[in-house]
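[1] Any chance you can model this:
(chains A and B)
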Amino acid sequence: MDISNLLSAMPGAISQGLIWGIMAIGVYITYKIQDVADLTVDGTMSLGGAVCILMLTNGQNIWVAVIAATLAGMLAGLVTGIFHTWMGIPVILAGILTQLGLYSINLKILGGKANQAISADNYDLIISLRYVKGVPFYRNTILIVAIFVVAIIGILYWFFGTERGCSIRATGCNPNMSRAQGINTNFNTVLGLMLSNGIVGLASALYSQYQGFADVNAGRGAIVIGLAAVIIGGVIFEKIFHNFALKLLAVALGAVIYYIVLQIVIWLGLDSNYLKLLSALVVAVFLAFPHWKQKYMAKPVKKGANGNA
Amino acid sequence: MLNIQNIYKTFNIGTINEKTALNGASLTLNEGDFVTVIGGNGAGKSTLLNAVAGTWFVDEGSILIDNVDVTKMPEHKRAQFLGRVFQDPMMGTAATMGIDENLALAARRGQRRGLGTGISKAEREHYMELLTELDLGLENRLTSKVGLLSGGQRQALTLLMATLKKPKLLLLDEHTAALDPKTAAKVLALSDKIVAEHNLTTLMVTHNMRDAIAHGNRLIMMNEGRVMLDISGKEKKSLTVDDLLSKFEEVSGEEFANDQALLSK
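    Numbers count the residues shown, from 1 in each chain, chains lettered A, B, ... in the order given. From the prediction side, this is the model:
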C-alpha cells in the first residue's frame, strides 16, 4: 500500500474521469434536462470508439474520425427518438432496443472482433494514456480533454439559452405546457436524444484513443457511470454552483471524483471484478436519497410551492 | 371565430371504462364572445375545451378556428391560435424555469424556434412592466423559478402567458377551481380585465354557477356531451342560479348533478 503508487495513478484517473465527464454531460441532458433515462448510451459509448478506429484504419484524419463518431452517436439517438416518439415505445425500452442493436453494429464495425487496437506509434492520436506524463504540456491528455470539456460546456450553455434550447428545457419540464405554447415536444425529444448521444459518441472516440483500442464492451454500464457522475457532481456542488454552465462543470468534476475514488478503492486492494457491483450499489443509494428524504424527513410544504424544481 | 360542428369523442373504446364524453356537440362563437361553460359531472365541459385545443383528435365532426380547419392539426400547431389556462396551476408553467423564461416561451408561440436568443434584455424589461401591472409582487422576482410561486401567482402568470401573444381564442379550463376563494376571485377579475382589454374571444369552463352568470356575455350549459342551453344577451344578464337549475331540469329531465357546483351555490 505505497501511497506513491496511488499518486502515480492519479493523472490517468483524472484523464479517464474527464473523458467520462464528457459522457456524463451527455447523460445530464437526457436525465436532468429532458427528464428521461436514455439507455442508448451504453451502445453509443462503444459505437463512437468503433467508428473512430474504423475511420483511422481507413486513413482518415483523426479529427474527421472524431466528428464521424459524434455523428454516429447522433444517429443512435435519432433511432431511439424514433422508437420512442413515432413508434410509441417507452423511452427506457426504446434505449435498450437501440443499445442491443448497436452491439451487432459495433461488432460489424470492428470487423467481427470484440476489440481492435490502435497504437499511438502509428497514428497521430489527439490523446493517449501515454501522453498523460512526460510530454510537452500542450500535448498533455489532461489538458486536451479539459479543453474539450470546457468547449462542450460553452456550446451547451449557448445552445440551451437559444429559443430552441429553451424549448427543449420546457419540453423536459412540462410537456403539456410546451405543447400549449406551440412547441413540438416530439421533435424536441428526438433532438435532445441526438444531442446527448452525439456527445457520448465523442466521448467514446476520445476514450478509445486514450485506451489505445476500441472495445465492443466499452460502454457496458456506461449509463450507471454517467448517472454516478451526475449525482456525485450534483450532491457535492449543488450549494455553490447555480449557473447552468457550472452545473455542467459539476457533472464533469463528478466523473473525475468517481474515477479518483475508484482508483483509491483499487489501491486499497479491492478485486477489480467487483467495481461494477460497487458502482451499481453507489448509484442505487444515491438515487434513493431524494425518495428517502421525502418519505422520512418530509416537512409540510406550502401548497403550490412544491414544483419539481 | 370558433365553429364546432357535431363532434364526437369516446374514450377507452371496447373496454369496461368506455365513456362517450362528446356526443354530437356543436357550438359557434362570434368574434369577441366571452362564453362561460357550465354542466354536471362528466358533461363534457373540459373535454370540449381539450377537443378545441387538440389534446387528442375527435372521432367525428369538425373544428374550425377563424375559418381554418384544425380538426386534424396537432396540438402544438393549433397552439398558434390559442391561449390556454388549465385547472391545475402546475400544468400551465415550467416549474424549473424562471418567470422571464416562461414568458419568453409564450411570446414565441406560433413562431419557428431557431438559434436566436431565448430571451433578450429588451424582453425582460417589457415583462417587468407587464408584471408590475399585474401587481402580484412578481416584478422583482423576474428570474425566480416558477416552482417557487403560489398557485394563484402561477395561474395569473399562465393567464399572462396565454395572452402575451394575442390568441384568436382563449380557453380557460376551470382555471380557478384549485385556488382558495379569495385568490380565485382575484384571478377571475384579472381574467375579465385581460379579456376586455384585448377584446378576446373566450371560452371559460367553470363549476361555479354564480361565476358563470356574472362573467361573459353568453352562457352555455352542457349535458351528456352536448350543448343543452345557450343563453345570451338580456336573458343572460337577468339570469339567476335557480333559473339555471330549473332550466337544466327542463331540458335534461333530471336533476343537476355537480357536487362542486352545488356546494359552491
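[2] which residue ranges form the helices in chain A?
    Using DSSP state H, the helices of chain A run over residues A:3-28, A:41-57, A:62-85, A:91-109, A:141-159, A:163-173, A:175-180, A:185-211, A:222-237, A:244-267, A:275-296.
[3] so which of those helices is the most packed in?
    The highest average neighbour count among these, using mean count of other C-beta atoms under 10 Å in any protein chain shown, belongs to helix A:41-57 at a mean of 29. In short, each C-beta sits where N, CA and C put it, glycine included.
[4] which other helices and strands contact it?
    In this structure, helix A:41-57 makes packing contacts with helix A:3-28, helix A:62-85, helix A:91-109, strand A:115-117, helix A:185-211, strand A:213-215, helix A:222-237, judged by 3 or more C-beta pairs under 8 Å, 6 or more residues apart in numbering or on different chains; DSSP states H and E.
[5] which ones are touching the spatially closest residue to A:S204 that is not a sequence neighbour?
    Closest residue to A:S204 in three dimensions, ignoring its sequence neighbours and counting by C-beta to C-beta, 6 or more residues apart in numbering or on different chains: A:G48, at 2.7 Å. Applying C-beta atoms under 8 Å, 6 or more residues apart in numbering or on different chains, one finds that A:G48 lies in contact with A:A69, A:T70, A:A72, A:G73, A:V200, A:G201, A:L202, A:A203, A:S204, A:A205, A:Y207, A:S208.
[6] rerun that using 7 Å as the cut-off
    Taking C-beta atoms under 7 Å, 6 or more residues apart in numbering or on different chains as the contact definition, A:G48 lies against A:A69, A:A72, A:G73, A:V200, A:G201, A:L202, A:A203, A:S204, A:A205.
[7] Which pair of the residues you listed spans the longest distance?
    Distances among those were taken as C-beta to C-beta; the most separated pair is A:A72 and A:A203, at 12.4 Å.
[8] quick one on the thing from earlier: just send the contacts of A:G48 back as TSV, with pLDDT too.
    Formatted as TSV, the entries for these read as follows, by pLDDT from 0 to 100:
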residue	pLDDT
A:A69	98
A:A72	98
A:G73	98
A:V200	98
A:G201	98
A:L202	98
A:A203	98
A:S204	97
A:A205	97
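[9] these two touch, right, B:A25 and B:V227?
    Yes: applying C-beta atoms under 7 Å, one finds B:A25 in contact with B:V227, separated by 5.8 Å.
[10] Looking at these two, which is more packed in?
    Neighbour count, other C-beta atoms under 10 Å in any protein chain shown: between B:A25 and B:V227, B:A25 has more, with 24 against 19.
[11] For stretch A:49-67, which outside residues touch it?
    When contacts are defined by C-beta under 7 Å, 6+ apart, stretch A:49-67 is touched by residues A:68-69, A:72, A:106, A:109-110, A:116, A:118, A:123-126, A:202, A:204-205, A:207-209, A:214, A:218.
[12] If you could redo that for stretch A:138-146, that was the one I meant.
    Against stretch A:138-146 from outside (C-beta under 7 Å, 6+ apart): A:11, A:14-15, A:18-19, A:126-128, A:131-132, A:137, A:206, A:210.
[13] Compile those residues into TSV and extend it with columns for pLDDT and distance to chain B.
    Listed next are the contacts of stretch A:138-146 as TSV, based on pLDDT from 0 to 100; distance: C-beta to the nearest C-beta, whole Å:
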residue	pLDDT	distance to chain B
A:P11	91	37
A:I14	95	32
A:S15	95	33
A:L18	97	27
A:I19	97	28
A:I126	92	28
A:I127	92	30
A:S128	91	35
A:Y131	88	35
A:V132	86	37
A:F137	87	35
A:L206	97	26
A:Y210	95	32
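[14] Run through the helices of the stretch 1-150 of chain B in chain order.
    Defined through DSSP state H, counting those that start in this stretch, the helices belonging to the stretch 1-150 of chain B, from first to last, are B:45-53, B:75-78, B:99-107, B:121-134.
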